[in-house]
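Participant: Predicted model and sequence below, questions to follow.
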Amino acid sequence: MKKEEIREMSTADLKERLAQLQKEYLQQNATHAVTPLDNTAKITADRRTIARVKTELRQRELNNK
């Protein structure tokens, strides 16, 4: 997901997406610990996407105060 896509989403959608991304990330990490993944860069990309979503949620929280 790109920054522009994240900014266009509503706050409720972002929270749902964050939960989904975190679940997938944890599952990938567990799977990778047992058997190596073909594309390990996906773990890094997912972690960065999670950070982008969290950053956008935090910015919205601060702007509403």
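Facilitator: In hand now; what should we look at?

Participant: Contacts only, for the residue positioned nearest the centre of the chain.
Facilitator: The chain has Ile50 as the residue nearest its centroid, 2.3 Å off, counting by CA atoms, centre = their mean. Residues counted as contacts of Ile50 (CB atoms under 8 Å, 6 or more residues apart in numbering) are Leu18, Leu21, Gln22, Tyr25. Heads up, the C-betas are built off the backbone N, CA and C, glycines and all.

Participant: Just the buried ones from the residues you listed?
Facilitator: For the contacts of Ile50, a neighbour count by 16 or more other CB atoms under 10 Å gives the buried set as Leu18, Leu21, Tyr25.

Participant: Need those in CSV (columns: secondary structure, pLDDT and distance to Ser10).
Facilitator: Listed next are those as CSV, based on DSSP: H, G, I helix; E, B strand; the rest coil; pLDDT from 0 to 100; distance: CB to CB, whole Å:
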residue, secondary structure, pLDDT, distance to Ser10
Leu18, helix, 97, 13
Leu21, helix, 97, 16
Tyr25, helix, 96, 22
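
Participant: What is the nearest of those residues to Asn63?
Facilitator: For the buried ones among the contacts of Ile50, the minimum distance to Asn63 (CB to CB) is 17.9 Å, reached by Leu18.

Participant: excluding its backbone neighbours, what's nearest that closest one?
Facilitator: Spatial nearest neighbour of Leu18, excluding adjacent residues (CB to CB, 6 or more residues apart in numbering): Val53 at 4.8 Å.

Participant: what about that neighbour, distance to Val34?
Facilitator: Remark: distance between Val53 and Val34 (CB to CB, to the nearest Å) = 27 Å.
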